[in-house]
Every structure is written in C-alpha cells, then in structure tokens.
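Participant: what would the 3D arrangement of this be:
(4 chains)
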Protein chains: 2
Amino acid sequence: MRRVTIRDVARTAGVSLGTVSRVLNRNRSVSESIRERVLQTINALGYQPDAVAQSMRTQATRTIGIIVPDVSNPLFSNVVSAAETVLTEAGYSTLLANNHDSVDREVELVNMFRRRRIDGLLTSVSHENEPRLTEAYRSAGISVTAIERELAVATDSVGADHAGGIEQAVRYLIMLGHRRIGMITVPTAGRPGRERVRGFRATIAAAGISPDPALIVAEGYSAEYGFSSAHGMLSLAAAPTAILAGGNQMSGVLKAARMLGRRVPDDLSLIILGDSDLASLVVPPLTAVRWDIQEVGRSAARLMLSRLQVGHDEPPRRVVMPTELILRQSCAPLGGKPQGRKRKARQLGD
Amino acid sequence: MRRVTIRDVARTAGVSLGTVSRVLNRNRSVSESIRERVLQTINALGYQPDAVAQSMRTQATRTIGIIVPDVSNPLFSNVVSAAETVLTEAGYSTLLANNHDSVDREVELVNMFRRRRIDGLLTSVSHENEPRLTEAYRSAGISVTAIERELAVATDSVGADHAGGIEQAVRYLIMLGHRRIGMITVPTAGRPGRERVRGFRATIAAAGISPDPALIVAEGYSAEYGFSSAHGMLSLAAAPTAILAGGNQMSGVLKAARMLGRRVPDDLSLIILGDSDLASLVVPPLTAVRWDIQEVGRSAARLMLSRLQVGHDEPPRRVVMPTELILRQSCAPLGGKPQGRKRKARQLGD
DNA sequence: GCGGGAATATGAAACGGTTCCACGGTGTTT
DNA sequence: AAACACCGTGGAACCGTTTCATATTCCCGC
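Facilitator: Presented below is the predicted three-dimensional model:
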C-alpha cells in the first residue's frame, strides 16, 4: 500500500508530472480539458501532495513554531490557542514547545526548529538577556515575534500595557484614600514585571507619595511567593492597606490575609493583575486589571503572517494590548465604609 | 548567506558526502582520523542537518500531531503540556491543533497532518462516531492514540476512570444520607460523559435508590449549562440534596445555588468532577473527584512512542488513570449538622 | 502552404539528505 | 605468489515535489 505520488497521477492521466503540478498550483497555461482530466484522476486516486517534498523544493514549510515557558499555564494556553487558530486558518501549522524556564532546553528547541526550517517563531523567551539564547535566535535566521518579552533579535512584538494597567489600579486605590499600597508581581527580568514596577513607581510618585521599597516585591511567580510576600508586608509596622498581586500570587495573598485576620475589603483592598474565573468566583470577587489575552495570541500570529509577506527588512512593529480595570468587591475606601453589599459579599460570591 | 549543507562539509573536509552522513549517523566503518576531521569541519562550519531533507529520504518526520478541542481549556492544556514534554525528550516535535468541536475543521486537520507525514497522532476527537472523522483518521494510515475518547481507529487509548470516580463520590454522598443526588456533566456522546452516567446509574442502583431521570443531565459543557440545569433541578418539587457537576459547569451551579438561597453545604452538598485551583479556593472549598491529568498526557505520549517502536500490528493498549475523592467542605450529612468548621467555612475559604 | 508567435506540454534538474553498491587497498590464507 | 575476504570510501540512486528551459501544437495572416 504505497502512497500515491504525483507521478502516479501523471501516468494515470497520461500527462507529464509538470502538468499535474501546474494544475495543482493553479498556474494558468493548462488547457481546460487536461485540467479536468487531471483533477478527476487526483480525486479517483485520492492523491494528496506530500508536504515534506513540497517544503524540500520550495524551501518553505508553512510551519510556525511557538515557544512558551509552559502551556499548562492559562496565561500561555490562551495565547497559544488563539495563535494556533489564526495560523491554521491561514494554512500554517503550529509546532509547540515548552521551555520550562530552562535556557539549555530553549537553545535546543530553537536549534531543532531551525533544523526543521520553520518559517517563523513566536516566543515568550525564558530569559530576555541570556546571550546564549539571543545568539541561538539570531543564528537561526528566522523571523521572531516576541510575546510579552523584549528581545533584541525579535522583529515584532506583542504585549499588554502593564504599566498602564497598574496606573489605573493605583490611581483608583489612591482615589479611595489609600497611601500605603503594596505590589507583588513577577521578576523584573521579564517585561511584565518590569513594566508593572515602572508603572507602579511612576504613579505613586505622581501622587506625591514617597515610595517604600518594602512594598514592591517582584521576585517570584508562585502562590507560595505571594503568600510569603504578603505575610511579610502585612506584618510590617507600616503595613499596606491595599495590595496588587499577580494572578498566581493572589491565592497566596488571600491565604496570608486570612491567616493574619485581615478582612477583604474592610481591612485590606486587593486588586488582581490578570482577570480569571477564579478572580470573579472567589469571595469577595476581586477587582482586576484585565486585558484580552487571546487577542495577544491573535496579534502575534497576525504580525507573523504579515511579516512573512513583507519580508525581514521592514521595520519592526509592536502591538500594545490595552488594559482595563474591572471593578468588583475587593476594594474599599480607606477608613470609610466598605463599598458594595458587605453582607452578601461575605457569602458565596457574586 | 546560503545554508551550509552536507556537501559543503564533505568538500571542506575533503571526503565524500556518504562519509559525512556516516559520521553523523554513528555508522561505524569510518576511520577514527576521518571521523575526527569531519566532526571538526562540522563544528567549524556550524553545519546542522536539514530535517526536511532527512524526512524526505527516511520517510519519517519525528513529529507527532496532537488534536484537542481547545488548548485554552485547562483540561487539555495540561494534557498537551505533559505530552509535549515527554515527546520532546524523546526527540520528537509536536504539531498542535484545535478542532474547536468542528467536524469539518478536524477532517481538514487530519488531512493536513497526513500530508505532513506525521509519525503519530494523539487525538481527543470532537465526535467519536462521526463517519467522516473515523474515515479521515482511518485513511490517513497513521498510528492514533485516543485521549479520553473511544475511537474505532485508535490503536491505543488513555482516559481517567470516570465511572470509578463517580462511584466513590456517589457512595460518599449516600453514606452521608443523601438519596436524591443530581449530576450535571458533559454529553454522553463522549467517553467522559458516558462513563460518568454509567457509573452514576450503576452506583445509584446498587444502593437500591430508584433513579430519577430529571436528576441526570448530560448535554452541555458550559457554565451557563451548569446554571440552567442546576436551577431547573433545584426548582423541582423533589429537588436534589446533593449535586455532582463538571469543572466548567460547577461555577454555574454555584450561581444557581446562591440565587435560590441554598447554602453549601448546609442545604446542598456539592462535588466537582475534576479538581482545580478554583475548587479549593472557592467558598466553601469543594470536595472533588480528582485524577492526574498531566499523567494522562504523559501516558498518551509514552503509548505513542512505544507504538512507534513495536509497529502498528501489536494489540491495542489502554491506560486507565485512577481517580480519587478529595474531601473538602462542600458536603454535609443530610439533615444533620454540616461537617467541618461552619463559621470559618463561610469566610474567605480555606 | 508556410512562417511566426502564443499557448501548452514535456523532461530534466534541483532541493539536501541516506543508503546501497562497487571498487581499491590491506591483510590473511593456501 | 595468487586467491580471497574484508574494510573503508566514493559515487550514484532515490525520496516527491516545483520550476525552468525546451519542445510541440495550434492558430493566424499573408
């Protein structure tokens, strides 16, 4: 049971292979009668062109690689899903790989992708400034679109407006009377953490509040990190009255607040950075900085597709995804009455 | 800036291409001195074999396709992530695609994968019994491993022991005195729904409880479906005192319970099918049927890798992932005192 | 009836590897 | 010293397409 090749089609239809190829590639200059005959033969034999051979000849694989730290993280699975959908619709396939935050692994992946001759690469590189990584990306000679990262070798990039989101959140808290505001987020080695810290400092300063280094921590990803950081902050003499925390870290923050007897929002206002089901189902529902995470994936895919059209020399493009503040019930005016329906908010959420 | 090919290496090293190839494929019968010289040249030129050309010649792509309904669903992103990790470690690449529950799209995907000559396919097919799909898989002539599905053309398969999980959950509720137990889950067109309904009926029957068709609904995936189903059940004259619901549907169930004034667990016991962060962070934390979802992905990948070794003719294998019941605070004895620390459970969760 | 384009069709080369066969040179055996 | 086996290497074929240069056919006007 051999595969049927273009040669079989040509022989059966009584034409040369070149002709069959031209029929397939809608190249004109093939007579109507022959085109008809060839198409029928193709149908009869169930012929499908071999993509490997096509890639071999055309030097294009119609394949885009995606590298993320870990697809099981909802942040990335949403990006990947949306990107895949756009790419598939454009006739491209998606090679997916996790770098698991390992430089070695990622270098391997980039090389593997290079050997596979992928046409382009979407990446949320694990370490933006690791020379071995930038060198791997550079020497691969593929178009690279960075997702939520700043990468010297990236031609295009996409990311949420984290600084703007923080600004909205902090200004809201200041409006509610808060002066001591804490933030717990991811390391500043990555774009999101860097932007958040930058936005935080700028907004605090603009409000004339003197910044307290103890209230900005940006060194870990996990819920445990959120817990220990929040526990530390809330144990300070000058403890914060409001905390911003990343999606992962927030569950640790909630745990610390409970443990230290802080009621939300009466004693402590919270804003989660990155909205989720969890944020709206927890009690009380959390005010959130939200952005369209699927759109991040779609934009990355679209940037790549257009890059493949225009070529590598056009100037780089950058898409910034706007953020918005979703008001729920986890913030209250400082010292005043908590807003929202307090009693209900203490029950099963809303 | 041309790619460096095996021919360049051969010329530079002063040997024939056959020899270079033999060095690369650790084929013995090449003298130590020449092997040395060739390896040095390879390093100097930065040569990397072209995977497309290798596939062309060897007829193997070392690529595995994965088709899931949607990777943004945590159920699947965990499976995909774990499978990718195993495959990458074995030197395979992963082509990922969403079928978005569309038969047309999935047929297209299977054909595209076939054209790309993937070595194997892991699939959570959208419709188990759709003839167009089974035909597409069959005619593709690739080894197929089914994930949480029963598929006539699948050589191997992996899935959680849903029936067993339901049995544990239902017996627990019966032990607590519940007699009217409802279940809201996914359609029985898929294996998980089918298994759950089967396990549910069997366990109810074994306990001598006469089944009430109004208390088994298995027709939707969404939170909205969970809401409307729960709302319907809880409005019955003979409303259930306990409900099992799938991970997605549960947030709708919680909403319905709240809206109808049912307190959890005092008035209504809940068990979520499929554990998650959300299940443990919601108030009260939900008792859950849990299984190792990452292990599902790993098993699928391992089954595929071993299938690629032993060939297509070996008998099919099936991996059943055990389930366990995680006791939290969402179940209480019928009519008796709720178990667990009631007051605390009404606050911020635990 | 014939020359000359235009329109089609053909065949070979190329993409970059792997593998098989043949060949020359050694070393061993008779 | 001839015959033989064996080992290492070179060279060619092949995988299934696309494409380019070339050949053939067709049609038209003179």
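
Participant: of all of the stretch 251-350 of chain A, which residue lies closest to DNA strand C?
Facilitator: Among residues of the stretch 251-350 of chain A, the one nearest DNA strand C by Cβ to the nearest atom of the strand turns out to be A:H312. It sits 17.8 Å away. (Each C-beta comes from the backbone N, C-alpha and C, glycine too.)

Participant: and that residue, that one's in a strand?
Facilitator: No. Counting by DSSP: H, G, I helix; E, B strand; the rest coil, one finds A:H312 to be coil, located in no strand.

Participant: mind listing what it touches?
Facilitator: Under the criterion of Cβ atoms under 8 Å, 6 or more residues apart in numbering or on different chains, the neighbours of A:H312 are A:143, A:155.

Participant: ok, it to chain B distance?
Facilitator: Per Cβ to the nearest Cβ, to the nearest Å, A:H312 is found 11 Å from chain B.

Participant: just A:L122 next, same as before
Facilitator: Summarising the geometry, the distance separating A:L122 from chain B, computed by Cβ to the nearest Cβ, is 12 Å.

Participant: can you say which helix or strand has that residue in it?
Facilitator: Assigning secondary structure by DSSP states H and E places A:L122 in strand A:120-123.

Participant: show me where chain A dips below the pLDDT cut-off.
Facilitator: Applying pLDDT under 70 to the predicted model, the residue ranges of chain A that meet it are A:1, A:27-28, A:336-350.

Participant: near DNA strand C, which residues of it are found?
Facilitator: Residues of chain A found near DNA strand C, taking Cβ under 7 Å from any atom of the strand as the criterion, are A:14-19, A:22, A:28-31, A:33-34, A:56-57, A:59.

Participant: DNA strand D next: which of these are close?
Facilitator: Answer for the residues of chain A next to DNA strand C near DNA strand D (Cβ under 7 Å from any atom of the strand): A:17-18, A:22, A:56-57.

Participant: from those residues, which is closest to DNA strand C?
Facilitator: DNA strand C lies nearest to A:G18 out of these, by Cβ to the nearest atom of the strand, at 2.7 Å.

Participant: does that closest one sit in a helix or strand, and which one?
Facilitator: Assigned by DSSP H and E, A:G18 belongs to helix A:17-24.

Participant: elements contacting that helix?
Facilitator: helix A:6-13, helix A:32-45 (3 or more Cβ pairs under 8 Å, 6 or more residues apart in numbering or on different chains; DSSP states H and E).

Participant: anything in the longest one near chain B?
Facilitator: What that stands for is helix A:32-45. No. Helix A:32-45 lies apart from chain B when judged by Cβ under 8 Å from any Cβ of the partner chain; the minimum separation is 12.5 Å.

Participant: in whichever helix or strand comes after that helix, what counts as buried?
Facilitator: Going down the chain from helix A:32-45, the next helix or strand is helix A:51-58, by DSSP H and E. Of the residues in helix A:51-58, those scored as buried under the neighbour-count criterion (16 or more other Cβ atoms under 10 Å in any protein chain shown) are A:51-56.

Participant: ok, and which of these reach chain B?
Facilitator: Counting by Cβ under 8 Å from any Cβ, the subset of the buried residues of helix A:51-58 that neighbours chain B consists of A:51-53, A:55-56.

Participant: walk me through the domains of chain A.
Facilitator: For chain A, automatic domain parsing gives the domain ranges A:6-49, A:58-154+A:294-322, A:162-286+A:328-345.

Participant: re earlier: buried deepest among the helices and strands packed on helix A:17-24, which one?
Facilitator: Among those, the stretch with the highest mean neighbour count (mean count of other Cβ atoms under 10 Å in any protein chain shown) is helix A:6-13, at a mean of 18.

Participant: how far off helix A:17-24 does it point, in degrees?
Facilitator: 100 degrees (axes from the mean of the first three to the mean of the last three Cα atoms, to 10 degrees).

Participant: identify the residues contacting A:R328.
Facilitator: Listed by Cβ under 8 Å, 6+ apart, the contact set of A:R328 reads A:279-280, A:284-288, A:350.

Participant: tell me which of those fall in strands.
Facilitator: Using DSSP state E, the members of the contacts of A:R328 that fall within strands are A:287-288.

Participant: got CSV for the contacts of A:R328, with neighbour count too?
Facilitator: Shown next, in CSV, are the contacts of A:R328 (neighbours: other Cβ atoms under 10 Å in any protein chain shown):
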residue, neighbour count
A:A279, 23
A:S280, 16
A:P284, 26
A:P285, 20
A:L286, 28
A:T287, 24
A:A288, 26
A:D350, 16
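
Participant: pick out the most distant pair among the contacts of A:R328.
Facilitator: A:A288 and A:D350 (13.9 Å; Cβ to Cβ).

Participant: got the CA positions of the helix or strand hosting A:G159 in CSV?
Facilitator: Under the criterion DSSP H and E, the helix or strand holding A:G159 is strand A:156-160. Once side chains and other backbone atoms are set aside, the C-alpha atoms of strand A:156-160 remain, and they are given as CSV (Å, rounded to 0.1, in the frame of the first residue of the first chain):
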residue,chain,number,x,y,z
ASP,A,156,7.9,42.2,16.0
SER,A,157,6.4,42.0,19.5
VAL,A,158,3.1,42.0,21.4
GLY,A,159,2.4,42.7,25.0
ALA,A,160,-0.2,44.1,27.3
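
Participant: give the next helix or strand downstream of it.
Facilitator: Counting by DSSP H and E, the next helix or strand C-terminal to strand A:156-160 is helix A:162-175.

Participant: what angle do the helix holding A:G18 and helix A:51-58 make?
Facilitator: Relative orientation of helix A:17-24 and helix A:51-58, computed by the same axes, to 10 degrees: 100 degrees.
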